[in-house]
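> Just a sequence and a predicted model for now, questions to come.
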Amino acid sequence: MSTPYELPSDTSNIKPFEWDDKYDFPRDLVGYGENSFNPQWPGGAKIAVSFVINYEEGAEHTVLNGDLHSETHLWEAPGGTPKIQERAVNIESEYDYGSRSGVWRLFRLFNKHNFKYTLYAVGKAIEDNPAVGISSVKNGHDVASHAYRWIDYADMSPEKEKAYIKKEIETIAKICGSPPKGWYYGRLSSRSQALVWEVYKEMGVPLLWDSDSYADDLPYWVDVPAEKDEKKPMGMLMIPYSYGMSSCS
């Protein structure tokens with residue numbers, strides 16, 4: 001049975017939310033409306049299915065990575081209290097299964113049937129096991145970004161998060177031959193989408209899409225707050241993510 005979330009008894013020191021014109025994207029509750037539209041998928045296809053494989057192994061919370069506590073997210077028995085300054089070897093071994101065996105089982109399956117996937121690659125995970133990224137590129141699959149660490153970015157400073165974004169882009173480019181053209185955090189902060197856009201622009205690297213959205217069945221465009229005064233704003237293409245159609249190694 002899950003434990004109901006309770007607010008702290010003393011909230012006097014909690015600052016109220018303040019809208020930030022630099023980081024906050026507005027919500028769109030209308031979308032395409034009642035009739036939507038025909039996206040005209042290639043070849044007259046009625047649907048488009050995007051296969052993704054999330055590769056996070058070795059980049060999760062662990063004291064071996066210098067973190068304060070162990071991981072509690074995305075394993076067979078989630079929840080509970082994280083181990084503080086102590087290894088959680090059972091959780092480590094579940095993540096290890098993904099890198100040692102699980103990811104290769106998925107790769108063999110996709111390659112056998114010539115189905116193309118997008119590898120959502122966490123930078124540190126690829127550093128620890130470069131063969132995963134190299135194999136994906138060799139077999140004609142796309143490698144996109146899944147951030148540099150598989151951690152929650154909510155409480156990270158903008159400066160540190162920007163440094164991680166840059167490191168992720170450089171890591172994927174070094175190991176896989178080109179920088180990632182797409183991005184999916186999964187555990188993003190409220191600033192993450194704006195920061196990703198900012199770093200890509202500063203580095204002169206094309207960002208073609210972002211998948212940190214669950215808001216639609218079809219891709220859609222959003223305005224980027226930092227472009228509000230530009231004469232030719234480019235916006236950001238959102239390709240919504242679906243938990244039901246993803247594969248974790």
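That came in fine, so what should we check first? Residues are numbered from 1 along each chain as shown.
> In this protein, mark out all the helices, start to finish.
Under the criterion DSSP state H, the chain contains helices at 89-97, 103-112, 123-128, 130-138, 158-176, 192-203.
> now, of those helices, which is deepest in the fold?
Highest mean neighbour count among these (mean count of other Cβ atoms under 10 Å): helix 123-128, with a mean of 23. (C-beta placed from N, C-alpha, C; glycine too.)
> number of nearby residues for the residue lying closest to Phe51 once chain neighbours are set aside?
Nearest non-adjacent residue to Phe51, counting by Cβ to Cβ, 6 or more residues apart in numbering: Tyr117, 4.2 Å away. Residues near Tyr117, counting by other Cβ atoms under 10 Å, number 20.
> ditto for Ser178
Ser178: 12 neighbours (other Cβ under 10 Å).
> ok, and what's touching stretch 161-181?
121-124, 126-127, 130, 133-134, 136-137, 142-145, 147-149, 153, 156, 189, 191-192, 195-196, 198-200, 203, 205-209 (Cβ atoms under 8 Å, 6 or more residues apart in numbering).
> what's the average pLDDT for it?
What stretch 161-181 shows for mean pLDDT is 98.
> And that stretch, how far out from the chain middle?
Taking Cα atoms, centre = their mean, to the nearest Å, one finds the center of stretch 161-181 at 13 Å from the center of the full chain.
> now swap in stretch 157-172 and tell me
Taking Cα atoms, centre = their mean, one finds stretch 157-172 lying 13 Å from the centre of the chain it belongs to.
> just stretch 144-155 next, same as before
The chain centre lies 6 Å from the centre of stretch 144-155; the measure is Cα atoms, centre = their mean.
> All the strands of the protein, residue numbers only.
Along the chain, the segments classed as strands by DSSP state E run 52-55, 118-121, 142-145, 182-183, 209-210, 220-222, 236-238, 246-248.
> Including distance to Glu170 and mean neighbour count, could the ones you listed go into JSON lines?
Output for the strands of the chain, formatted as JSON lines (distance: least, Cβ to Cβ, whole Å; neighbours: other Cβ atoms under 10 Å):
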{"stretch": "strand 52-55", "distance to Glu170": "17", "mean neighbour count": "24"}
{"stretch": "strand 118-121", "distance to Glu170": "13", "mean neighbour count": "27"}
{"stretch": "strand 142-145", "distance to Glu170": "11", "mean neighbour count": "23"}
{"stretch": "strand 182-183", "distance to Glu170": "14", "mean neighbour count": "23"}
{"stretch": "strand 209-210", "distance to Glu170": "19", "mean neighbour count": "19"}
{"stretch": "strand 220-222", "distance to Glu170": "26", "mean neighbour count": "14"}
{"stretch": "strand 236-238", "distance to Glu170": "21", "mean neighbour count": "20"}
{"stretch": "strand 246-248", "distance to Glu170": "25", "mean neighbour count": "16"}
